[in-house]
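>>> Need a 3D model of the sequence below.
(one chain, ligands or ions: 2)
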Amino acid sequence: MVDDLSTGHADAVPDGCKFVEADIATAASSLLAESFDGVLHFAAKSLVGESMENPQKYWHGNVVTSLRLLDAMREHGTPRLVFSSTAATYGEPEVTPITEDLATRPTNTYGATKLAIDHAITSYATAYGIGAVSLRYFNVAGAHGAFGERHAVETHLIPIVLQVALGQRAKVQIFGEDWPTADGTCIRDYIHVTDLADAHLLALEHATAGQHRIYNLGNGTGFSVKQVIDTCREVTGHPIPAEVAPRRAGDPATLVASSQRARDELGWRPERTDLTVIVRDAWEFTRASQGA
Ligand SMILES: NC(=O)c1ccc[n+]([C@@H]2O[C@H](COP(=O)([O-])OP(=O)(O)OC[C@H]3O[C@@H](n4cnc5c(N)ncnc54)[C@H](O)[C@@H]3O)[C@@H](O)[C@H]2O)c1
Ligand SMILES: O=c1ccn([C@@H]2O[C@H](COP(=O)(O)OP(=O)(O)O[C@H]3O[C@H](CO)[C@H](O)[C@H](O)[C@H]3O)[C@@H](O)[C@H]2O)c(=O)[nH]1
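Ligands and ions are numbered 1, 2, ... in the order given. The predicted structure is shown next:
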């Protein structure tokens, strides 16, 4: 495992896993000199709001870094790649649920950088024989035991709402109540992190030399911001005060996945699709990590 710890945590490295603290942009070539069967490429800057305020961090941190990784894979003949792409590559979709053949028109810099990387992967895979898979995650949530969301500056909805339930924040802000959705708040498709992990192993198995396949990963059901807050109220038993705030730049109104291709081609079968289960696992992690 390689991480520069820019947003990651050394104590989250599982026991028995070899860990190297390094920036992929500078270390990829030397790291891949040792022979590897494949690369799971998660490293990124991944905050939608920040990407609009500081695009330089995203074009360099995501695109330049990933090109260096692809060059190193080519240099050392690393055969397989699984890349963390995103629903944000689609932008505001014309059709719901989103299939992989829909137009990609990102509404934020983060999504634009991930789309640029996807294009580079297609070229490198077909020209240099790499077997590549991009997994376009929708909104990842939940937790796996002691592994959950732990960000220095939290921006994601579910962990923020759970911080309110723990008494660490007074209230949650709802970014816009005037979106073209049933209750006026944004709709997202939340996927449990353990289902996401399963998809990575399947993707690695199915990566085929010279091909780049793209798969959406979500549950096919959208929940509004208000519905998420209500589910958190039910799970935690806390009233969770909320207030409406202005829209956040770069947010699309609705993002819901069709993951039929992942089911058909990878045999992916998500098991924790219920939002209550996703929130419950996140809540258990949040309480345990705060000693509550
Ligand atoms: N969380 C989501 O809902 C979501 C949705 C779609 C896609 N993704 C993608 O999944 C991946 C993981 O996301 P996350 O939510 O766990 O974010 P995260 O910020 O917690 O994880 C990214 C990790 O990459 C490391 N990193 C960043 N730049 C690096 C570099 N140059 N060299 C080495 N390490 C570096 C960070 O220290 C961190 O540990 C990202 O690629 C993200 O874009 C996440
Ligand atoms: O305090 C908050 C935080 C978020 N939201 C709203 O809740 C929804 C979910 O927001 P998150 O920040 O939790 O997640 P995003 O949908 O912005 O982004 C996530 O999913 C994207 C793909 O859809 C990207 O891949 C990205 O990495 C990942 O963080 C959005 O409508 C957002 O506006 C609020 O109303 N209040």
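>>> where does this structure have low pLDDT?
Low-confidence regions of the chain, defined here as pLDDT under 70, cover residues 292.
>>> Kindly recompute the last result at 90.
Low-confidence segments of the chain (pLDDT under 90): 48-49, 92, 94, 152-153, 249-252, 289-292.
>>> got a list of what whichever residue of it sits closest to ligand 2 touches?
Closest residue of the chain to ligand 2, Cβ to the nearest ligand atom: residue 186 (3.0 Å). C-beta here means a position set from N, CA and C on the backbone, and glycine is covered the same way. When contacts are counted by Cβ atoms under 8 Å, 6 or more residues apart in numbering, residue 186 is found next to 175, 176, 179, 224, 225, 251, 252, 253, 254.
>>> quick one: which of the residues you listed is most hemmed in?
residue 225 (25 neighbours; other Cβ atoms under 10 Å).
>>> Check whether the nearest residue to that one once chain neighbours are set aside sits in a helix, strand or coil.
Nearest non-adjacent residue to residue 225, counting by Cβ to Cβ, 6 or more residues apart in numbering: residue 185, 3.8 Å away. Assigned with DSSP: H, G, I helix; E, B strand; the rest coil, residue 185 falls in the coil class.
>>> Residue 185 contacts residue 222, doesn't it?
No - the pair residue 185 / residue 222 is not scored as a contact, 11.0 Å apart, by Cβ atoms under 8 Å.
>>> Pretty sure residue 84 sits in a helix.
No - counting by three-state DSSP, one finds residue 84 to be strand, located in no helix.
>>> Distance of it relative to residue 215?
Shown here: residue 84 relative to residue 215, a distance of 12 Å by Cβ to Cβ, to the nearest Å.
>>> From the opening residue of stretch 151-168 to its closing one, how far?
14 Å (Cα to Cα, to the nearest Å).
>>> Mind listing what's buried along it?
Using 16 or more other Cβ atoms under 10 Å as the test for burial, stretch 151-168 gives 157, 158, 159, 160, 161, 162, 164, 165.
>>> can you pull the contacts of the third one?
Going back to what we said before, that points to residue 159. Applying Cβ under 8 Å, 6+ apart, we find residue 159 in contact with 149, 151, 282, 286.
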